[in-house]
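Asker: quick check, what structure comes out for this input:
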Amino acid sequence: MERRQFGKTDMQVSVLGFGGAEIGFEKASVDTVARILGDALDAGLNVIDTAECYLQSEELIGEAVSSRRQDFYLFTKCGHPEKPGEGDWRPDSLIRSIERSLKRLRTDRVDLVQLHSCSEDELRKGDVIDAMLRARDRGHARYIGYSGDGPAARFAIESGAFDTLQTSVSIADQEPIELTLPMARQRHMGVIAKRPLANAVWRFAQKPENPYVVPYWERMQKLAYSFVNSDQAEVAATALRFTLAVPGVHTAIVGTSRAGRWLENAAALEAGPLPQAQFDAIRARWRQAAEPGWTGQI
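Answerer: From the prediction side, this is the model:
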């Protein structure tokens, strides 16, 4: 699998990474996670990304693949110790959260710890950034990053404190292509694309019941890309190849709780880069149809 230099870090990352949200929220078994990650590592995966608030995700990853720690880069996030949307930005809370993550992941250090969707107001106070720097100085993480979207992500880049940015980049999330990625490239930051499949909302003929999925389903209705009417596997392949063709993106993380799915996504990338004409057509359609409030979701 292709690997890319991850900004100014010393990491060469696989273009397709693994996101740990689904295995936590969908309550995957340890055996399932061990099979998913074992097969993926054998196929060239070297990026595993999770967060403290993805229920049992950290514990599952720690139990399943800590014995292969030297085979992959391990990323996690802090700031929502209970669940997404309920942030706790007290510096001591952040440090305790990171220390808990290390225990759950069965490691003494992660390669990257990321501030998870912290608001611009909190970032401007400076305390959360100081806590992240303290965690790095203590050896809890080799690098620190920011995970989020919109103006907060832009301020995180401008602060100069972070080594990496994780942000939403997909056929239904293109705001960062102009708002943040050019600056991140200029500052040689590693960039992780989250949600590159836009929750695969083309699976649903009707509006889905899951409120987490609905915003992307509604966006895709308005974008009305012609290629979405093709085979679902081909749509997913196009979506992934689009994200990885965006200048500045180094790795795209895709989560799954189904054995074999990560390998299917990896196989889709064997077709090579998305043709420039198709990339340009997707960008043009976004400019025509996208609404101002279409920022990435937490």
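Asker: now the strands: where do they sit in the chain?
Answerer: Counting by DSSP state E, the chain has strands at residues 3-5, 12-14, 16-19, 47-49, 73-78, 110-116, 141-147, 164-168, 190-194, 251-254.
Asker: can I get these in CSV including mean pLDDT and distance to Ala131?
Answerer: The C-beta positions use only the backbone N, C-alpha and C, and glycine is treated the same way. Below are the strands of the chain laid out as CSV (pLDDT from 0 to 100; distance: least, C-beta to C-beta, whole Å):
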stretch, mean pLDDT, distance to Ala131
strand 3-5, 97, 28
strand 12-14, 98, 25
strand 16-19, 97, 24
strand 47-49, 98, 20
strand 73-78, 97, 9
strand 110-116, 97, 9
strand 141-147, 98, 10
strand 164-168, 98, 17
strand 190-194, 98, 20
strand 251-254, 97, 24
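Asker: tabulate these (CSV), appending distance to Leu269 and mean neighbour count.
Answerer: Below are these laid out as CSV (distance: least, C-beta to C-beta, whole Å; neighbours: other C-beta atoms under 10 Å):
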stretch, distance to Leu269, mean neighbour count
strand 3-5, 12, 15
strand 12-14, 10, 20
strand 16-19, 6, 26
strand 47-49, 14, 26
strand 73-78, 19, 28
strand 110-116, 22, 26
strand 141-147, 23, 24
strand 164-168, 19, 27
strand 190-194, 13, 26
strand 251-254, 9, 26
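Asker: of all the ones you listed, which lies closest to Met132?
Answerer: Closest approach to Met132 among these (C-beta to C-beta): strand 141-147, 4.5 Å.
Asker: packing partners of that closest one?
Answerer: With contacts defined as 3 or more C-beta pairs under 8 Å, 6 or more residues apart in numbering; DSSP states H and E, the packing partners of strand 141-147 are strand 110-116, helix 127-137, helix 150-159, strand 164-168, strand 190-194.
Asker: 6 Å - rerun?
Answerer: Packing contacts for strand 141-147, counted by 3 or more C-beta pairs under 6 Å, 6 or more residues apart in numbering; DSSP states H and E, involve strand 110-116, helix 127-137, strand 164-168.
Asker: can you list those in CSV and add distance to Leu240?
Answerer: Conversion of the helices and strands packed on strand 141-147 to CSV gives the following (distance: least, C-beta to C-beta, whole Å):
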stretch, distance to Leu240
strand 110-116, 22
helix 127-137, 30
strand 164-168, 14
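Asker: show the contacting residues for the residue nearest the centre of the chain.
Answerer: Residue closest to the mean C-alpha point of the chain, counted by C-alpha atoms, centre = their mean, is Lys194 at 2.9 Å. By C-beta atoms under 6 Å, 6 or more residues apart in numbering, Lys194 lies in contact with 166, 168, 253.
Asker: quick one: the last one and Ile48 touch, right?
Answerer: In other words, Ile253. No. With contact defined as C-beta atoms under 6 Å, Ile253 does not reach Ile48; the gap is 8.6 Å.
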